[in-house]
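Trainee: no sequence for this one, just the structure:
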């Protein structure tokens, strides 16, 4: 079982209502950690489930950096996905998207929630949108932040950035007949500081990287890489969201202009394809708009949530 430091004592339970507190419950065959926080709104108001990215990260940093702001007007639920943060690694190693989406639906049933808003960052945004296509009657709205919707387009931005940082490196390491930008980039990064490369893809200003690292150190949690390896070995290299017509809920798409890990063009294309979606570009942000332009993010998201039926 993944062992990680936690600053609060979690309550062990098999089933809990939407009551403020920390929980570890066996959900869909895996013991998952989640936390409920924030004000209790009127009975008709849907709570917000936050889904972190990584892949393989945790919910602590968003809750710490932005969640406390949103909790002033909304009931929030923070989930550490299977194998992530304070949640258990699945005994069968199943990190497939279907299993992760089944976790979300099982969590909704555990909480006794009729409908909720899904707010996802990075891969969490991908999960939020996929869930909305499968359970449209359960979703009141989606906040889609820096999500992966077209892997080929995103990997093309990785390749472009790698060529900018290391001119000629791709040509030097490429294999004959290779067509995958993902494989090209990952091979070219061998022997280089890959973490520094991905940090540069995500952060426009290193001030925010240091803030993120400080919160990560405070949490005592780490990304084991297990979920990420599993998904990049299977579903993510060829992933493309292709069910826009099945999304029947309002969607707020937020992206940073300088996010080279996703590419703002793919976010614009997604918003155009989704019926009734709104796209907001954050001019001073990279991959973490909620950190890099926190005041604007709080204002935009709070307004969107208040507009939902």
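Mentor: In hand now; what should we look at? Note that the structure is predicted; figures quoted are calculated from it, not measured.
Trainee: Packing partners of the helix or strand where residue 252 lies?
Mentor: Counting by DSSP states H and E, the element that carries residue 252 is strand 251-256. If you count contacts as 3 or more C-beta pairs under 8 Å, 6 or more residues apart in numbering; DSSP states H and E, strand 251-256 packs onto strand 139-145, helix 264-273, strand 278-282, helix 289-292, helix 294-307. Yep, even glycine has a C-beta here, placed from its N, CA and C like the rest.
Trainee: Of all these, which one is nearest residue 111?
Mentor: strand 139-145 (14.2 Å; C-beta to C-beta).
Trainee: Let me see the residues that make contact with the closest one.
Mentor: Counting by C-beta atoms under 8 Å, 6 or more residues apart in numbering, strand 139-145 makes contact with 46, 48, 115-122, 125, 128-129, 131-132, 247, 249-255, 270, 289-290, 301, 304-305, 308-309, all of which sit outside it.
Trainee: so where's the stretch 1-150 of the chain uncertain?
Mentor: Scanning the stretch 1-150 of the chain with the threshold set as pLDDT under 70 gives 1-16.
Trainee: Break down it into its strands, ranges please.
Mentor: For the stretch 1-150 of the chain, applying DSSP state E, counting those that start in this stretch gives strands covering 11-12, 21-27, 30-37, 48-51, 76-80, 116-121, 139-145.
Trainee: With distance to residue 239 added, can I get those strands in TSV?
Mentor: Shown next, in TSV, are the strands of the stretch 1-150 of the chain (distance: least, C-beta to C-beta, whole Å):
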stretch	distance to residue 239
strand 11-12	35
strand 21-27	24
strand 30-37	22
strand 48-51	16
strand 76-80	21
strand 116-121	14
strand 139-145	15
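Trainee: Would you mind finding the most buried of those strands?
Mentor: Between those, strand 116-121 has the highest mean count of neighbours, a mean of 27, where neighbours are mean count of other C-beta atoms under 10 Å.
Trainee: do you know how far residue 199 is from residue 98?
Mentor: Between residue 199 and residue 98 the computed distance is 31 Å (C-beta to C-beta, to the nearest Å).
Trainee: So for those two, which residue has more residues nearby?
Mentor: residue 199 (17 against 11; other C-beta atoms under 10 Å).
Trainee: Using the three-state scheme, assign the more buried one.
Mentor: Secondary structure for residue 199, judged by DSSP: H, G, I helix; E, B strand; the rest coil, is helix.
Trainee: who touches it in this structure?
Mentor: 206, 209.
Trainee: Residue 238 - how many residues pack around it?
Mentor: 10.
Trainee: If you could redo that for residue 181, that was the one I meant.
Mentor: Neighbour count of residue 181, defined by other C-beta under 10 Å: 21.
Trainee: Regarding the residue nearest to it when sequence neighbours are not counted, what is its secondary structure?
Mentor: Spatial nearest neighbour of residue 181, excluding adjacent residues (C-beta to C-beta, 6 or more residues apart in numbering): residue 155 at 3.9 Å. At residue 155 the chain is in helix, as set by three-state DSSP.
Trainee: can you pull the pLDDT of residue 155?
Mentor: We have a pLDDT of 96 for residue 155.
Trainee: number of nearby residues for it?
Mentor: As a burial measure, residue 155 scores 22 neighbours (other C-beta under 10 Å).
Trainee: Residue 76 and residue 163, how far apart?
Mentor: Going from residue 76 to residue 163 by C-beta to C-beta gives 41 Å.
Trainee: sorry, that was for residue 52
Mentor: Taken as C-beta to C-beta, the span from residue 52 to residue 163 is 30 Å.
Trainee: related to what we said a few turns ago, quick one: the residue nearest to residue 181 and residue 182 touch, right?
Mentor: Yes: in this structure, residue 155 is within contact of residue 182 by C-beta atoms under 8 Å, at 4.7 Å.
Trainee: what residues are shared contacts of these two?
Mentor: Common neighbours of residue 155 and residue 182 (criterion: C-beta under 8 Å, 6+ apart): residue 237.
Trainee: Of the helices and strands packed on strand 251-256, which is nearest residue 210?
Mentor: Of all the helices and strands packed on strand 251-256, helix 289-292 sits nearest to residue 210, with 10.9 Å by C-beta to C-beta.
Trainee: same for that closest one, what does it pack against?
Mentor: Short answer (3+ C-beta pairs under 8 Å, 6+ apart): helix 289-292 packs on helix 206-219, strand 251-256, helix 294-307.
Trainee: rerun at 6 Å
Mentor: Applying 3 or more C-beta pairs under 6 Å, 6 or more residues apart in numbering; DSSP states H and E, we find helix 289-292 packed against no helix or strand.
Trainee: circling back to that earlier point, more neighbours, residue 52 and residue 163?
Mentor: Taking other C-beta under 10 Å, residue 52 and residue 163 do not tie; residue 52 has more neighbours (26 against 15).
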